[in-house]
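Undergrad: got a sequence here, can you model it:
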Amino acid sequence: MKEFKAGPLLDKIDIPEDLRNLSVEDLPQVSDEVRQYIIDVISEIGNSHFGASLGVVELTVALHYVFNTPYDQLVWDVGHQAYGHKILTGRRKQFHTNRMKGGISGFPKRSESEYDTFGVGHSSTSISGALGMAVANNYKGEKERQHIAVIGDGAMTAGLAFEGMNHAGFEKDANLLVVLNDNCMSIDPNVGALKDYLTDITTSHTYNKVKDEVWKLLGKMSKFGPDAQTVASKVSTALKGSLLKQSNLFEALNFRYFGPVDGHDVIGLAKILEDLKDIPGPKLLHILTKKGKGYKYSEEGNPTQWHAPGVFNKHTGEIVKVVPKSPQAPKYQDVFGHTIVELAEENDKIMGITPAMPTGSSLNIMMKAMPDRAFDVGIAEQHAVTFSAGLATQGMVPFCNIYSSFMQRAYDQVVHDVALQNLNVVFCLDRAGFAGADGATHHGALDIAYMRSIPNMIVASPMNEAELRNMMYTAQQENMGPFSIRYPRGKGVMPEWKTKMKAIKVGTGRKITSGEDIAILSIGHHGNYVQKAVEMLKGEASVAHYDMRFVKPLDETLLHEVFSKFDKVITVEDGTIMGGMGSAILEFMADNKYKADLTRLGIPDAYVHHGTQDELYADCGFDAIGIANTVRKELNLPQQIAEEQKNVG
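TA: Reported below is the predicted structural model:
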């Protein structure tokens, strides 16, 4: 990997203390050099987020300049914004390893740096986390210690952010500053009433003009003592409330509100932050930024595309795309996106719901084709599930598409609002299994285990695109009840994927290959890795392969056949082996008094860090080579790793 050269000021900054030795007039140049360094590195390594961190470069520089980090505690929400932070906190020389196996994480991570005060990957956690820190340090007598939560406007739509603010407004001794980074974007454009409310604040010229005059007056009145300050503060609050369409939401929650201010004026930000250090209690600074700021092609292009563009030419803005030599299989998410439109054209009860991931889930296809039947509800997974439940009570068939790891945030709603009422909500869990470079915060390891424990829930996973279409077709049948379908990030295996859909009998698996020596039971896309392993083993072992398709209910007829014939069985799943499909089959064995040597392959009981999906499969022993070698081990055959690695490439 080439060395990346930093600008003359940035080259001298290894930790924030070095930054604080510079003059405030140097900050614009430092900001320019940090931004250019991000552009230089990410354009070549790809595999990383981009636009979000460019938008907060000036804020990042100002925060580390004004506050005594890491003693003063800075919490980022979410980690997409934190690349400049990583560069300024001792990780510039490792930044080119970002999101690569063995390299630094793409998100703040407590085990990586003392400057990463709170691990983040999912959104909307910063206010609650920073408030907990502030209350703890206030209790310990460290009242001067500062706590800053930087939250994007998209992340502010989640219930957790409001819960944190509601509590923070009550903790008037907590030394907490919330910086609201307002750029009208999460990954896709923001939606909802909060977006409109922030627009009202930022576009109210009368409010901003009068507010500036009030602040000047406050400065003059402060000379006349505390009584005059109290009167001036009440005047300011009254004006803020009357000049907006609604009263100030943040001040209604007992936050001192400041802004909106230019988030790209680094010297201005430094001065404001310096002033805010001396104001006690919970405060909110509202800054206006532009996602992708400082890189022309990102600013002028599609901001969703530039959220994580991959490798690109930094001079021309051309995103490098590899043109395949042969027809390629589609991404599972795109199969979902096109299939739900096909189904909805035939069934007028179908609706689509996603919490802020219309592009990532490909629900944007339905949103364009049927805008009255597809909903982006913002970063609000709990609401997405209960909203879906409400739709289902009125006879609709909602397809609620949520990434597997994000689904964890709405577990109570799945149990209480959907399954307990036996409502026909179809959960399409994208990014199930290893999510790759996003790492432990985003791996969808747990959904098989947590979904199969819920009464009334059907739990299924397709081995290929045709099976995904069939499962979606099955799930919208009359009186089906709660139905969970999981599928991985990335491509399937069928270039000709648009097959005719048909219903599958719930709880039935299928035999893929016959064999005599050992049986492998798989669930989902990983059945394709099993098939590769079966091919590798030809001439060595006779392997039967069964695609279970459903973890709940299990195909008991199939399992009776397997355990009546085989005394050696392997289960394979891209999910946790604690409580997953392998555990379900062990339970079946125990309940039916079968005795067999059963080996479970899958994600171990540990948090697995970032890397490509194939690297992580290999590390955990359930890529094709790992599966083949497990068969050899069970059958006491010699291992043949080196030759197979050569063949697999």
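
Undergrad: where do the strands sit along the stretch 51-200 of the chain?
TA: 73-77, 147-152, 176-182 (DSSP state E, counting those that start in this stretch).

Undergrad: got the contact list for the first one?
TA: Put plainly, it is strand 73-77. Surrounding strand 73-77, the residues in contact under the criterion Cβ atoms under 8 Å, 6 or more residues apart in numbering are 63-64, 67, 82, 85, 108, 115, 117-118, 120, 123-127, 129-130, 133, 145-152, 155. In short, each C-beta sits where N, CA and C put it, glycine included.

Undergrad: tell me the strands beside that strand, with direction?
TA: Each strand that strand 73-77 pairs with, and the sense of that pairing, follows from DSSP bridges: strand 147-152 (parallel).

Undergrad: name the residues that touch the strand it pairs with?
TA: Everything outside strand 147-152 that qualifies as a contact, by Cβ under 8 Å, 6+ apart, is 52, 56, 59, 63, 67, 72-78, 81, 123-124, 126-127, 129-131, 133-134, 137, 161, 174-181, 183, 185-186.

Undergrad: quick one: mean pLDDT for that strand?
TA: Confidence over strand 147-152 (mean pLDDT, whole number) is 94.

Undergrad: and what of stretch 442-453?
TA: 96.

Undergrad: likewise for stretch 31-48?
TA: With pLDDT averaged residue by residue, stretch 31-48 scores 90.

Undergrad: mind saving the C-alpha coords of that stretch as PDB?
TA: Taking only C-alpha atoms (Å, rounded to 0.1, in the frame of the first residue of the first chain), the coordinates of stretch 31-48 have been written out as PDB:
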ATOM      1  CA  SER A  31      -9.300  21.700   8.100                       C
ATOM      2  CA  ASP A  32      -8.400  21.800   4.400                       C
ATOM      3  CA  GLU A  33      -5.500  19.400   5.000                       C
ATOM      4  CA  VAL A  34      -7.700  16.900   6.900                       C
ATOM      5  CA  ARG A  35     -10.300  17.000   4.200                       C
ATOM      6  CA  GLN A  36      -7.700  16.400   1.500                       C
ATOM      7  CA  TYR A  37      -6.200  13.500   3.400                       C
ATOM      8  CA  ILE A  38      -9.600  11.800   3.600                       C
ATOM      9  CA  ILE A  39     -10.100  12.300  -0.100                       C
ATOM     10  CA  ASP A  40      -6.700  11.000  -1.000                       C
ATOM     11  CA  VAL A  41      -7.000   7.900   1.100                       C
ATOM     12  CA  ILE A  42     -10.600   6.900   0.500                       C
ATOM     13  CA  SER A  43     -10.400   7.500  -3.200                       C
ATOM     14  CA  GLU A  44      -7.800   4.800  -3.400                       C
ATOM     15  CA  ILE A  45      -8.800   2.200  -0.800                       C
ATOM     16  CA  GLY A  46     -12.500   2.400  -1.400                       C
ATOM     17  CA  ASN A  47     -14.500   0.200   1.000                       C
ATOM     18  CA  SER A  48     -15.200   3.200   3.300                       C
END
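
Undergrad: from the chain's centre, how far out does it sit?
TA: On the basis of Cα atoms, centre = their mean, to the nearest Å, stretch 31-48 sits 22 Å off its chain's mean C-alpha point.

Undergrad: what do you get for stretch 133-145?
TA: 31 Å.

Undergrad: for it, how far is the first residue from the last?
TA: 10 Å (Cα to Cα, to the nearest Å).

Undergrad: do the same with stretch 587-601
TA: So stretch 587-601: terminal residues 16 Å apart, Cα to Cα.

Undergrad: quick check: buried residues in that stretch?
TA: Of the residues in stretch 587-601, those buried by neighbour count under the rule 16 or more other Cβ atoms under 10 Å are 588, 589, 594, 596, 598, 599, 600, 601.
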